[in-house]
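S.K.: Let's see this in three dimensions:
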Amino acid sequence: MTEMSEGTTNTLQQPEFNEELIRGKFSSLREPELIGEILEKGTVEEIPDGQMIMDVGRYIKSVPLIIKGSVRVLREDHEGRDLFLYYLKPGETCAVSLTCCMANEKSSIRAIADEDVVMIRIPVEYVDIWSNKYTSWKNFMMNTYRVRYEELLSTIDSIAFMKMDERLWKYLLDRKALTGHYELNITHQEIADALHSTREVISRLLKTLEKEEKIELGRNKIIIL
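M.R.: Residues are numbered from 1 along each chain as shown. The predicted structure follows:
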């Protein structure tokens, strides 16, 4: 998943990439031998906010284990518009990346750092090997698919049963929970793209929320009160 332009990432100092780091963020990965292989085969990288990590149509050469920050995963529709799928948070990896790399298929998603991100890159050839060798790695992969499936069902439910103002408020609260911040640096257009709506509709609903004293609007930012 992590195809990046040369010279655009910073490798962190090796002392930070240790067993304590892996066990702290990925507590379900238990076998000492697995931890050792992650330390040996993986590399830690820091990606600045807004940088593209993976693009549609490129082969996936590594999968991410997110340590810090969040990654916005998008899918491109037939008109070239980005459709929001889900966020990757610390302690997670990308289900679409796992699927594409195991099938040796080109990426069907676009991934962008939503804030400064630190992650471990795992070469794709070890994804399947470790699944056969280590039970905790296999369970980690299966849990990744389960979480994404449950998010898909939640998205379908919100589209089918929730009004747009309810979906917008849920989206803002979910972003707050994801980032841990009450101040969200996001544009009205980005929210519209995520909710498959228009900027005009989102702007009108945000102004309503502001009148209800639920939020405070600023330039390219929203403060949840």
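
S.K.: buried set for the biggest helix by length in the chain?
M.R.: Longest helix in the chain by number of residues (criterion: DSSP state H): helix 135-161. Within helix 135-161, the residues that count as buried by 16 or more other CB atoms under 10 Å are Ser136, Trp137, Phe140, Met141, Thr144, Arg148, Ser158. For glycine as for every other residue, the C-beta is placed from the backbone atoms N, C-alpha and C.

S.K.: cool, stretch 189-202 as well?
M.R.: Buried positions in stretch 189-202, judged by neighbour count with 16+ other CB under 10 Å: Glu190, Ile191, Ala192, Asp193, Ala194, Leu195, Ser197, Val201, Ile202.

S.K.: Need the contact partners of that stretch.
M.R.: The contact list for stretch 189-202, computed with CB atoms under 8 Å, 6 or more residues apart in numbering, reads Arg81, Asp82, Leu83, Phe84, Met164, Arg167, Leu168, Tyr171, His188, Leu206.

S.K.: What is the neighbour count of the second one?
M.R.: Each residue near Asp82 was counted by other CB atoms under 10 Å, and the total is 17.

S.K.: again with the fifth one
M.R.: The local packing of Met164 (other CB under 10 Å) involves 16 other residues.

S.K.: Quick check: beta-bridge partners of the most centrally placed residue in the chain?
M.R.: The centroid of the chain falls nearest to Leu88 when counting by CA atoms, centre = their mean (2.3 Å). With DSSP bridges as the criterion, Leu88 is bridged to Val71.

S.K.: Check the gap between Arg23 and Ile35 for me.
M.R.: Arg23 is 7 Å from Ile35, where distance means CB to CB, to the nearest Å.
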